[in-house]
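J.: Give the three-dimensional model of this entry:
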Amino acid sequence: MASEGEPVADVAQQARHERGQLLGRAGVVGAGTLASRVLGLARDMVLAALFDRDATDAWWVAFTIPNALRQLLGEGAVTSAVVPVLSEKLAHEGDGAYRWWLSSS
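T.: Numbering: from 1, shown residues only. Here you go, the predicted model:
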């Protein structure tokens, strides 16, 4: 919001600048994701060309299990279970309920 001494035009210019920065950062993330996908495809094509089916199946299983665990534990399941519990504890017991954890980390 504009303060009393700051003209609205300056605020609008600042907002455009921040939107541009946000779009630039989103573009970097998108480009990184695209590069990751393309490199993964190249990796899979090289593996398929160099090894027989049994070796590639074993490789696939060896990398699928840890990735599945990461997806289950690291990308949402734990977060969606822990955050509501901690939020409720904070709402009922206040800041002191979790200060012990912050001081121990």
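J.: quick one: average pLDDT of the lengthiest helix in the chain?
T.: Determined from DSSP state H, the single longest helix within the chain is helix 8-50. Across helix 8-50, the average pLDDT comes to 91.
J.: tell me which strands and helices that helix is in contact with?
T.: helix 53-74 (3 or more C-beta pairs under 8 Å, 6 or more residues apart in numbering; DSSP states H and E). From N, CA and C alone the C-beta is placed, and that goes for glycine too.
J.: what's in contact with the helix it packs on?
T.: Leu47, Ala48, Phe51 (C-beta atoms under 8 Å, 6 or more residues apart in numbering).
J.: how about a cut-off of 6 Å?
T.: Leu47 (C-beta atoms under 6 Å, 6 or more residues apart in numbering).
J.: Now it - C-alpha only, CSV.
T.: Extracted in CSV, the C-alpha atoms of helix 53-74 (Å, rounded to 0.1, in the frame of the first residue of the first chain):
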residue,chain,number,x,y,z
ARG,A,53,15.6,-56.0,-20.1
ASP,A,54,16.5,-57.9,-16.8
ALA,A,55,19.2,-55.4,-15.9
THR,A,56,17.0,-52.4,-16.7
ASP,A,57,14.1,-53.9,-14.7
ALA,A,58,16.4,-54.4,-11.7
TRP,A,59,17.6,-50.8,-12.0
TRP,A,60,14.1,-49.5,-12.2
VAL,A,61,13.1,-51.4,-9.1
ALA,A,62,16.2,-50.2,-7.2
PHE,A,63,15.4,-46.6,-7.9
THR,A,64,11.6,-46.8,-7.7
ILE,A,65,11.5,-47.9,-4.0
PRO,A,66,13.4,-45.0,-2.6
ASN,A,67,11.6,-42.5,-4.8
ALA,A,68,8.2,-43.9,-3.6
LEU,A,69,9.3,-43.5,0.0
ARG,A,70,10.4,-40.0,-0.7
GLN,A,71,7.1,-39.1,-2.3
LEU,A,72,5.1,-40.7,0.6
LEU,A,73,7.2,-39.3,3.5
GLY,A,74,8.7,-36.1,2.1
